[in-house]
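Student: here is the input, now give the coordinates:
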Amino acid sequence: MKNACSKLEQTLKSGRLALTAEIGPPKHTSPEGIVANACLLKDYVDAANVTDCQSAVVRMSSLAASLHIHHNGLEPIFQMTCRDRNRIAIQSDLLGAYSLGIRNVLCLSGDHQIFGNHPTAKNVYDLDSIQLIQLTRRMRDEKLFFSGEAIQGHEPRFFIGAVANPFADPFEYRVDRLEKKINAGAEFIQTQCIYDMERFSRFMELCVSRGLHQRAYILAGVIPLKSWRAARYMQTKVPGMIVPEDIVQRMKKAEDPRAEGLEICVGQIKYIREHIKGISGFHIMAINWEESVADIIRRAGLNRPQC
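Tutor: You can find the predicted model right below:
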């Protein structure tokens with residue numbers, strides 16, 4: 001079994017700016033859409049998140065979709081939530097994913113089922129996201145299952161990721177929670193999408209003051225807006241999201257909202273690169289608009305040699 005580390009890990013450890021994207025599996029069995037998206041992204045990003053029934057909506061499993069894009073030249077970041085699995089199923093899926101060549105895992109709690117298409121489903125939450133990180137690190141570094149039983153044979157040596165939301169309340173707790181995830185074993189962090197630059201700047205100042213950016217690689221999350229209604233929805237309906245009113249109005253007044261959304265996204269990346277310390281890369285979340293990612297990367301000056 002090959003134990004080579006992931007492309008994403010290699011990029012970050014080399015000191016180069018890392019780029020990740022996001023792919024949402026379909027609500028059916030056909031892989032053509034995610035394969036096409038993988039082909040759009042593979043020359044521009046180091047890896048792509050494969051979401052795990054995002055918004056608690058039933059979709060093709062993250063594991064199966066990760067394998068599809070892996071076979072088509074794009075490195076997957078296998079998302080795993082605690083919502084739908086107990087510790088037995090979690091460890092089983094980790095073993096299976098690694099055996100299939102998947103090398104990155106992103107540990108999440110998962111959106112509550114009340115927000116999805118089966119609101120009366122029973123959740124699991126046997127573990128929380130911090131315990132999931134600990135479990136994954138222990139399997140890798142100590143060759144132990146969560147129960148303490150030894151792994152006989154090859155252990156799953158994942159590059160372990162987690163998420164951070166600088167915009168949820170209480171603000172003072174956000175850096176504390178991030179530090180707990182890093183202490184548990186998270187090696188790279190992807191943030192919630194950023195529109196409030198002032199608050200994100202304060203968050204990163206606190207991270208840098210504690211040296212967290214030296215203990216884990218922090219990737220700033222951005223989402224290109226398609227319409228002012230999308231901006232208003234995120235502003236008013238999505239918990240833990242701050243979208244300043246001036247961005248909503250800028251989108252509303254735009255003659256070409258999609259072009260304006262791309263311009264805002266490119267401007268955000270440039271601002272973060274120039275003014276905010278401690279960032280190791282960008283996570284570009286353009287689900288159902290994957291064709292915009294290459295343009296964003298080029299216009300933001302993030303081109304890779306292979307591009």
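Student: surely residue 113 is in contact with residue 58?
Tutor: No - the criterion here is Cβ atoms under 8 Å, and residue 113 misses it with residue 58 at 10.4 Å. In short, each C-beta sits where N, CA and C put it, glycine included.
Student: between the two, who's got more neighbours?
Tutor: Between residue 113 and residue 58, residue 113 has the larger neighbour count (other Cβ atoms under 10 Å), namely 20 against 12.
Student: would you map the strands across this protein?
Tutor: Remark: strands assigned in the chain by DSSP state E are 18-23, 47-50, 76-81, 104-108, 159-164, 188-193, 217-222, 281-284.
Student: residue 241 is nearest to which of these?
Tutor: Of all the strands of the chain, strand 188-193 sits nearest to residue 241, with 6.9 Å by Cβ to Cβ.
Student: please compute how far the closest one lies from its chain's middle.
Tutor: Offset of strand 188-193 from its chain centre (Cα atoms, centre = their mean, to the nearest Å): 6 Å.
Student: which elements pack onto it?
Tutor: helix 7-14, strand 159-164, helix 171-184, strand 217-222 (3 or more Cβ pairs under 8 Å, 6 or more residues apart in numbering; DSSP states H and E).
Student: how about residues contacting the first one?
Tutor: When contacts are defined by Cβ atoms under 8 Å, 6 or more residues apart in numbering, helix 7-14 is touched by residues 18, 20, 46-47, 75, 77, 103-104, 159, 187-188, 217, 280-281.
Student: list only buried entries from those.
Tutor: 18, 20, 46-47, 75, 77, 103-104, 159, 187-188, 217, 280-281 (16 or more other Cβ atoms under 10 Å).
Student: ok, which pair from those residues is furthest apart?
Tutor: 103 and 280 (17.8 Å).
Student: okay, now residue 210: neighbour count?
Tutor: Residue 210 has 15 neighbours, counted by other Cβ under 10 Å.
Student: for it, give me its contacts.
Tutor: 175, 179.
Student: next one: it from residue 128, what distance?
Tutor: The gap separating residue 210 from residue 128 is 22 Å, by Cβ to Cβ, to the nearest Å.
Student: let me know which of the strands of the chain is tucked in deepest.
Tutor: strand 47-50 (a mean of 29; mean count of other Cβ atoms under 10 Å).
Student: that strand pairs with which strands?
Tutor: Neighbouring strands of strand 47-50 in its sheet, by DSSP bridges, are strand 18-23 (parallel), strand 76-81 (parallel).
Student: the first one to strand 188-193, inter-axis angle?
Tutor: Read that as strand 18-23. Interaxial angle, strand 18-23 versus strand 188-193 (axes from the mean of the first three to the mean of the last three Cα atoms, to 10 degrees): 60 degrees.
Student: so strand 18-23 versus strand 159-164, what angle?
Tutor: Using the same axes, to 10 degrees: strand 18-23 against strand 159-164 is 70 degrees.
Student: show me where this structure has helices.
Tutor: 7-14, 32-41, 62-70, 87-99, 129-141, 171-184, 197-209, 212-215, 228-237, 245-253, 257-275, 292-299 (DSSP state H).
Student: determine which stretch of the ones you listed is the most buried.
Tutor: Among the helices of the chain, helix 62-70 has the highest mean neighbour count (mean count of other Cβ under 10 Å), at a mean of 22.
Student: for the record, mean pLDDT for that one?
Tutor: The average pLDDT within helix 62-70 is 97.
Student: which helices and strands sit right next to that helix?
Tutor: helix 32-41, strand 47-50, strand 76-81, helix 87-99.
Student: would you mind writing the CA trace of it as CSV?
Tutor: Listed next in CSV are the C-alpha coordinates belonging to helix 62-70 (Å, rounded to 0.1, in the frame of the first residue of the first chain):
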residue,chain,number,x,y,z
SER,A,62,-18.7,11.4,0.0
LEU,A,63,-16.6,8.3,-0.1
ALA,A,64,-17.9,7.1,-3.5
ALA,A,65,-17.8,10.6,-5.0
SER,A,66,-14.2,11.0,-3.7
LEU,A,67,-13.2,7.9,-5.5
HIS,A,68,-14.8,9.1,-8.7
ILE,A,69,-12.8,12.3,-8.7
HIS,A,70,-9.6,10.6,-7.5
